[in-house]
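In: coords please:
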Amino acid sequence: MTVQFTQKRHDRDQLRAKLAGEEYQQIKNSRAAVEGTFSALKRAQGLDKLKVTGLFKAKCSSLYKMIGYNLKQLVRALKMKSKPELCT
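Out: You can find the predicted model right below:
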């Protein structure tokens, strides 16, 4: 009796083995943080629809929106740091 596997099944098994590794899990976890940032930029800063034409203007507009987002995050972090802790 012989067991035969298709190439598709073999490729799928190799992919599953790769995705089960610890290195891939670390990459996956860091990707979630990055995707959240892109999502916030698109949603709150309107990065998905640029109101300018041309590559240079689009890059500048995107850069300004990213700087604004980073400043907003900095202000939020500083506010959290300066809040006094409540003693219970």
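In: pull the longest helix from the chain.
Out: The residue-count maximum for a helix in the chain (DSSP state H) belongs to helix 55-82.
In: Dump the helix or strand bottoming out on mean pLDDT in the chain to CSV, keeping only the CA atoms.
Out: None of the helices or strands of the chain scores lower by mean pLDDT, DSSP states H and E than helix 22-44, at a mean of 83. Extracted C-alpha coordinates of helix 22-44, given in CSV (Å, rounded to 0.1, in the frame of the first residue of the first chain):
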residue,chain,number,x,y,z
GLU,A,22,7.8,30.9,17.5
GLU,A,23,9.6,33.4,15.2
TYR,A,24,6.4,33.8,13.1
GLN,A,25,4.3,34.3,16.2
GLN,A,26,6.5,37.2,17.3
ILE,A,27,6.2,38.8,13.9
LYS,A,28,2.5,38.3,14.0
ASN,A,29,2.2,40.0,17.3
SER,A,30,4.2,43.0,16.3
ARG,A,31,2.3,43.3,13.1
ALA,A,32,-1.0,43.7,15.0
ALA,A,33,0.5,46.9,16.7
VAL,A,34,1.5,48.3,13.3
GLU,A,35,-1.8,47.6,11.7
GLY,A,36,-3.6,49.4,14.5
THR,A,37,-1.5,52.5,13.8
PHE,A,38,-2.3,52.4,10.1
SER,A,39,-5.9,51.9,10.9
ALA,A,40,-6.0,54.9,13.2
LEU,A,41,-4.2,57.1,10.6
LYS,A,42,-6.7,56.1,7.9
ARG,A,43,-9.7,56.6,10.2
ALA,A,44,-8.9,59.7,12.2
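In: So which bits of it are buried?
Out: If you call a residue buried by 16 or more other C-beta atoms under 10 Å, then helix 22-44 has these buried ones: residue 41. (C-beta placed from N, C-alpha, C; glycine too.)
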